[in-house]
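**Student:** Any chance you can model this:
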Amino acid sequence: MTVRIAVSLPDDVAERLALEPNVSRFVAEAVRHQIRRERSLALLNRVGITFGDGDEEAGLRRITDDHGAVTPELAEQADARLARWRRR
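**Tutor:** Numbering: from 1, shown residues only. Purely as a prediction, here's the structure:
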């Protein structure tokens with residue numbers, strides 16, 4: 001299922017999107033990337049790893065480069081392990 005959403009964008013972003021043959025797909029992939037990023041940070045925060053200003057981007061790049069993106073499935077597995085560890 002899809003939902004139609006109208007957005008207002010800065011000129012530079014609109015110009016970049018105009019180059020895409022399928023804007024909806026491009027935006028969906030960009031949003032999914034942001035969701036994975038937020039989940040990765042949340043997962044790290046839950047296990048006590050935090051980043052200062054500027055460190056966040058470097059840390060996320062390292063995670064992605066070294067281990068690939070944290071998928072929802074991987075995040076669920078990590079949450080389950082953390083919950084089991086906390087029950088000990």
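**Student:** from the middle of its chain, how far away would stretch 15-26 be?
**Tutor:** 20 Å (C-alpha atoms, centre = their mean, to the nearest Å).
**Student:** scratch that, stretch 75-88 is what I was asking about
**Tutor:** The answer for stretch 75-88 is 21 Å, by C-alpha atoms, centre = their mean.
**Student:** Could you do stretch 71-85 as well?
**Tutor:** On the basis of C-alpha atoms, centre = their mean, stretch 71-85 sits 16 Å off its chain's mean C-alpha point.
**Student:** List the buried residues of it.
**Tutor:** Within stretch 71-85, the residues that count as buried by 16 or more other C-beta atoms under 10 Å are 74-75. (Each C-beta comes from the backbone N, C-alpha and C, glycine too.)
**Student:** and stretch 30-45, which residues are buried?
**Tutor:** Buried residues in stretch 30-45, counting neighbours by 16+ other C-beta under 10 Å, are found at 36-37, 39-41, 43-44.
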